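Colleague: Sequence and predicted structure, then a few things I'm wondering about:
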Amino acid sequence: MRHNKKFNHLGRTASHRKSMLANMACSLIKHKRITTTVAKAKALKKYVEPLITKSKNDTTNSRRVVFSYLQDKYAVTELFKEISVKVADRPGGYTRVIRTGHRLGDNAEMCFIELVDYNENMAKDKGAKKTTRTRRSRKSNAAAEAAPAAETPQVEEVKAEEAKVEETKAE
């Protein structure tokens, strides 16, 4: 019986699957982002995240355990020297899967899998957010930003109300 034996075999033998996931993990560690199918990305996520967690503790034993999975000393060095430092404060969720559509030949669902801390485009800039918000629609905000020199009386009223609210908060 197959009770609780639910992982994707990916249509491969155990040795082929093990070496394929090890090679994909090495590529992910070296390049920080790879393109693959969604099924392989999900399997790789379960494979590589425990290794990244293990790399936070830089001991000889943890290096040997990770090397037994990856079989690539350059990837192990990169993982322990660079990646573990960058994800030290993160409690998990080191990878992100972004779906990109279907492959032309066989219509397989494709995706990126990437290390979360290495994508500057997805990183949120805390300084870029506006601190004040108004209760105005998107259309009027876009119009106000497009022509900031010609402010309407409504915009001036909203700014005056915001100033009053901030004064009452300061008191």
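Modeller: Here it is on my side, so go on.
Colleague: Can you list the low-confidence ranges for this structure?
Modeller: Applying pLDDT under 70 to the chain flags residues 123-134, 137-158, 165, 168-171.
Colleague: can you pull out the helices in it?
Modeller: 14-31, 38-55, 60-70, 73-78, 84-86, 138-146, 153-170 (DSSP state H).
Colleague: If you drop the residues flanking it in sequence, what lies closest to the most centrally placed residue in the chain?
Modeller: Note on the chain: the residue nearest the mean C-alpha position is Val116, at 2.9 Å, using Cα atoms, centre = their mean. In space, and not counting its chain neighbours, Val116 is closest to Arg96: 5.1 Å by Cβ to Cβ, 6 or more residues apart in numbering. From N, CA and C alone the C-beta is placed, and that goes for glycine too.
Colleague: can you pull the contacts of that neighbour?
Modeller: 112-116, 119, 122 (Cβ atoms under 8 Å, 6 or more residues apart in numbering).
Colleague: Of all pairs in these, which one spans the longest distance?
Modeller: Maximum pairwise distance in the contacts of Arg96, criterion Cβ to Cβ, is 13.2 Å, between Ile113 and Met122.
Colleague: Where do the domain boundaries of the protein fall?
Modeller: Residue ranges for the domains of the chain, per automatic domain parsing: 14-118, 138-170.
Colleague: Need the winner for burial among the ones you listed.
Modeller: domain 14-118 (a mean of 16; mean count of other Cβ atoms under 10 Å).
Colleague: nearest spatial neighbour of Thr35, skipping sequence neighbours?
Modeller: Phe112 (5.7 Å).
Colleague: what's across from the one you found in the sheet?
Modeller: Beta-bridge partners of Phe112, counted by DSSP bridges, are Thr35, Ile98.
Colleague: List the contacts of the nearest residue to Phe67 once chain neighbours are set aside.
Modeller: Spatially, and ignoring its direct neighbours in sequence, Phe67 is nearest to Val76 (5.1 Å; Cβ to Cβ, 6+ apart). Neighbouring residues of Val76 by Cβ under 8 Å, 6+ apart: 63, 66-67, 70.
Colleague: From Val87, how far off is Glu120?
Modeller: 15 Å (Cβ to Cβ, to the nearest Å).
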